[in-house]
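K.L.:
got a structure for you, letters missing:
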């Protein structure tokens, strides 16, 4: 008589070895966001949420009169919230007047265990007026190369943007590629001119500057057409290592030259992972690293969500580019022109095609 | 027909068994094969081992020593196919099986099988069968894949007393696959299936009962090494939603599966009249599969899948000792549920419930001394209720499948047999086939001849699966060479 009970016991033990079925199903999450600018809730503001956890999942909605926006029955995933809009808000100078301002926000929201139990996430998103933390910004990085089977990526470029109200001067500024933290620069190129005091290469407020690895029309290379690449023949600057005699040089485009002793290669950077800085050029002694006071802007990017940071958080608190695919022709650009919260995870988004010299829609 | 009934029964069983011996894919409830495509001897009812897989009653089911060799090949051309199916698949199998009664108490059986499968023009899929998995792995390469590897099987049967039997069975297999395009995706699979059983046989042998436990584990690893350029690797969650994996120098996916199955069975022969018997088998089982993607140092959890359920199988047969007449009727009930959990959040992403009723019968009529006809039919109803939750997708359908066959057996002379068999049927496939049903027509014929060194047989098979509303079809051609003594 004991045998059946023993078998039942074994059955029970074996069954309990396995996982318990979760009580919630996916696709049932409700995300409620309150959108604020300073002390006021914003109505009629379009809000977009997008996840890179799954393919092509993005949702858009508009805030109601209470400044709330609801996304119902969405999958559990990490979402990038993006807001770019104009809003009518009370004037800071005259409380009876209204101002129209461009507001932007970008942040990441991840479901927690609590939201898992309750099937809901509620959060408040604080927008800021466009142009916060103004200055010279790395606005776009195009690194991955166009779709091709020849491992071609010479169409890399960087786009700078002056988001301040003052003209800034590029004289003597550095483009630095970082290997690991500020003490280890792996590539260092310099604009001509005298750092800090030079006034030969101005960038007016609201102007873009395109610095190309090779300033040529990459869509129209003889016998190697790359229609999904980019025409950089009219770039503002070109990286040219004067010690690299094979490096392409467009005579009509001024050069940014290498200053690293012994380096004979062009300013190429990682297709899907790297750190790039612009500095004011006050510290050119790269042997002891780059002085953090000289850094004007820095961007870290990596296609890997599990990437470990390679630069100090004072320079960039996060990293952008998760989901970037090599040779996809995609580019990494700030969510709004010049938008900089010092966190590339939310400041940048992946766009389908590079936009040298202008901001994507 | 000179071959004894017992031998025929054994060969049939081995043929069925060789189909089941599929350590590369040890499912929770292995299919119970009612008839083997390469068999000219469908005239004995199923035995209890065939429906229960309890190793303790193996000896009771197969009593004569045998040595059996088989080499067979199939060529399947998918003129009609799903997106990630190969355009063509060639399968080769070398099989050796032997079992021997060591003494009055012990029986030892062993089998070795070498499998090779060549898949041609596989579009993107890195899986051997994309649609058999809820979590499938693809990239952007198109090429040919070759899978091969050995399988080993051992079974030991021991009689503790005249009535009490013990059995132990091990099935172990490994397989390596290699895609011939530049990411050179390599698949390595290791499979283990262990069974332990006890059985009771009455003094007159008319009553058999048993219970068995099964543990199986499966480890699958996919490594796609890129050469400079990424191949855009994706993991599918179900059949509609995927995730683009992080580009890396080595794309890797691991499937880890473990499962248990417990079963009990009984059989009774000579009920009321000689030759009338029944067999019953019931089993309960559960298994889970965990899927990780990424490097070994930082694997990314993509979720796990749990399947549990039970199966009941019953067979009633009549085969009088005085005649070669045989009639059997069987019924199978299978009920299982699948659910998959998200890798990062405690939510269910996929659910599937399946309920199957299957009923069939086989009649063998010895018409004259030299001719016999075997005929049978099977019908099944599968109720599937499938849901994907990440992006809502629901599929709820009853599938009605049936098939019927007629197999004409002929003793050409005292040492040579021949058979010819025709089968027709209909299968209603799942949604990802993009057709409502397949009409199946199959024809097979074969010969076997007794020599001084044993019996040699050859079989040919041709099958057409014609989809409803399409001009293309799935064609399958096979040849088998068998030797036994």
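P.N.:
Received, thanks. Every value quoted in this text rests on a predicted model; they were computed, and no experiment measured them. Numbers count the residues shown, from 1 in each chain, chains lettered A, B, ... in the order given.
K.L.:
quick check: bridge partners of residue B:213?
P.N.:
Residue B:213 forms beta bridges with residue B:196, residue B:262, as assigned by DSSP bridges.
K.L.:
wait, it touches residue B:197, no?
P.N.:
Yes. Residue B:213 lies in contact with residue B:197 (Cβ atoms under 8 Å); the separation is 7.4 Å. Every C-beta, even on glycine, is put in place using the N, C-alpha and C of the backbone.
K.L.:
out of the two, which sits in the busier spot?
P.N.:
Set residue B:213 next to residue B:197 and count neighbours by other Cβ atoms under 10 Å in any protein chain shown: residue B:197 wins out with 26 against 20.
K.L.:
and the gap between that one and chain A?
P.N.:
12 Å (Cβ to the nearest Cβ, to the nearest Å).
K.L.:
on the three-state scheme, residue A:116 is what?
P.N.:
Under DSSP: H, G, I helix; E, B strand; the rest coil, residue A:116 falls in the helix class.
K.L.:
contacts only, for it.
P.N.:
By Cβ atoms under 8 Å, 6 or more residues apart in numbering or on different chains, the contact list for residue A:116 reads A:24, A:76, B:345, B:346, B:347.
K.L.:
what does residue B:133 give?
P.N.:
Taking Cβ under 8 Å, 6+ apart as the criterion, residue B:133 is in contact with B:127, B:255.
K.L.:
picking up where we left off before, could I have the buried ones of the contacts of residue A:116 as PyMOL selection syntax?
P.N.:
Buried members of the contacts of residue A:116, defined by 16 or more other Cβ atoms under 10 Å in any protein chain shown, are picked up in PyMOL with:
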select buried, (chain A and resi 24+76) or (chain B and resi 345+347)
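K.L.:
name the nearest of the contacts of residue A:116 relative to residue A:183.
P.N.:
residue B:345 (39.2 Å; Cβ to Cβ).
K.L.:
list the contacts for the closest one?
P.N.:
Neighbouring residues of residue B:345 by Cβ under 8 Å, 6+ apart: A:26, A:76, A:111, A:116.
K.L.:
skipping its backbone neighbours, what lies nearest it in space?
P.N.:
Nearest residue to residue B:345, sequence neighbours excluded (Cβ to Cβ, 6 or more residues apart in numbering or on different chains): residue A:76, at 4.1 Å.
K.L.:
contacts only, for that neighbour.
P.N.:
By Cβ under 8 Å, 6+ apart, the neighbours of residue A:76 are A:26, A:29, A:111, A:116, B:342, B:344, B:345, B:347.
K.L.:
among those, which one has the lowest pLDDT?
P.N.:
Here the lowest pLDDT out of the contacts of residue A:76 sits on residue A:116, with 72.
K.L.:
what about it, distance to residue B:69?
P.N.:
57 Å (Cβ to Cβ, to the nearest Å).
K.L.:
again with residue B:383
P.N.:
Distance from residue B:383 to residue B:69, by Cβ to Cβ: 42 Å.
K.L.:
next one: residue A:102
P.N.:
In this view, residue A:102 and residue B:69 are 80 Å apart by Cβ to Cβ.
K.L.:
same check, this time on residue A:280
P.N.:
Taken as Cβ to Cβ, the span from residue A:280 to residue B:69 is 81 Å.
K.L.:
comparing the two, which residue is more hemmed in?
P.N.:
Per other Cβ under 10 Å, whichever of residue A:280 and residue B:69 has more neighbours is residue A:280, with 20 against 16.
K.L.:
show me the contacts for the nearest residue to that one once chain neighbours are set aside.
P.N.:
Sequence neighbours aside, residue A:294 is the residue nearest to residue A:280 in space, at 5.1 Å (criterion: Cβ to Cβ, 6+ apart). By Cβ under 8 Å, 6+ apart, the residues touching residue A:294 are A:174, A:279, A:280, A:281, A:282, A:283.
K.L.:
not counting sequence-adjacent ones, nearest residue to the last one?
P.N.:
Once its chain neighbours are removed from consideration, residue A:283 has its nearest residue in residue A:291; the separation is 4.0 Å (Cβ to Cβ, 6+ apart).
K.L.:
so the one you found sits against residue A:284, correct?
P.N.:
No. Using Cβ under 8 Å, residue A:291 is not in contact with residue A:284, being 10.0 Å away.
K.L.:
now do the helices in the stretch 251-361 of chain A.
P.N.:
For the stretch 251-361 of chain A, the helices defined by DSSP state H, counting those that start in this stretch cover A:344-347.
K.L.:
show me the strands in it, by range?
P.N.:
A:255-258, A:273-279, A:295-302, A:331-334, A:348-351 (DSSP state E, counting those that start in this stretch).
K.L.:
hey, which of these is tucked in deepest?
P.N.:
Of all the strands of the stretch 251-361 of chain A, strand A:331-334 carries the top mean neighbour count, a mean of 25, counting by mean count of other Cβ atoms under 10 Å in any protein chain shown.
K.L.:
residue B:480 against residue B:459, yeah?
P.N.:
Yes. Using Cβ under 8 Å, residue B:480 makes contact with residue B:459 at a distance of 4.5 Å.
K.L.:
and the closest residue to chain A within the stretch 51-200 of chain B, helix, strand or coil?
P.N.:
Residue of the stretch 51-200 of chain B nearest chain A, by Cβ to the nearest Cβ: residue B:198 (9.1 Å). Recorded secondary structure, residue B:198: strand (three-state DSSP).
K.L.:
could you check how far it is from residue B:28?
P.N.:
Residue B:198 is 22 Å from residue B:28, by Cβ to Cβ.
K.L.:
more crowded one of the two?
P.N.:
Remark: of residue B:198 and residue B:28, residue B:28 carries more neighbours, 23 against 19, as counted by other Cβ under 10 Å.
K.L.:
what about that one, which helix or strand?
P.N.:
Per DSSP states H and E: residue B:28 is located in neither a helix nor a strand.
K.L.:
residue numbers of the stretch 51-200 of chain B in contact with chain A?
P.N.:
Residues of the stretch 51-200 of chain B lying close to chain A by Cβ under 8 Å from any Cβ of the partner chain: none are found.
K.L.:
can you map out the helices along the stretch 51-200 of chain B?
P.N.:
Assigned by DSSP H, counting those that start in this stretch, the helices in the stretch 51-200 of chain B fall at B:58-61.
K.L.:
which intervals of it have sub-threshold pLDDT?
P.N.:
Scanning the stretch 51-200 of chain B for pLDDT under 70 picks out nothing.
K.L.:
ok, now with 90
P.N.:
By pLDDT under 90, the weakly predicted segments of the stretch 51-200 of chain B are B:59-66, B:72, B:103-104, B:124, B:126, B:133, B:139-142, B:180-185.
K.L.:
all strands of it, in order?
P.N.:
B:66-78, B:88-101, B:106-125, B:137-159, B:164-179, B:186-201.
K.L.:
nearest to residue A:256, out of the ones you listed?
P.N.:
strand B:137-159 (35.6 Å).
K.L.:
give me the helices and strands touching the closest one, please.
P.N.:
Secondary-structure packing of strand B:137-159 (3 or more Cβ pairs under 8 Å, 6 or more residues apart in numbering or on different chains; DSSP states H and E): helix B:58-61, strand B:106-125, strand B:164-179, strand B:186-201, strand B:234-237.
K.L.:
can you do 6 Å?
P.N.:
Packing contacts for strand B:137-159, counted by 3 or more Cβ pairs under 6 Å, 6 or more residues apart in numbering or on different chains; DSSP states H and E, involve helix B:58-61, strand B:106-125, strand B:164-179.
K.L.:
what pairs with the longest one, parallel or antiparallel?
P.N.:
This points to strand B:106-125. For strand B:106-125, pairing defined by DSSP bridges yields strand B:88-101 (antiparallel), strand B:137-159 (antiparallel).
K.L.:
ok now the last one, how far from the chain's centre?
P.N.:
If you compare the mean C-alpha spot of strand B:137-159 with that of the full chain, they lie 13 Å apart, counting by Cα atoms, centre = their mean, to the nearest Å.
K.L.:
before we move on, what about stretch B:257-267?
P.N.:
Worked out by Cα atoms, centre = their mean, stretch B:257-267 lies 16 Å from the chain centre.
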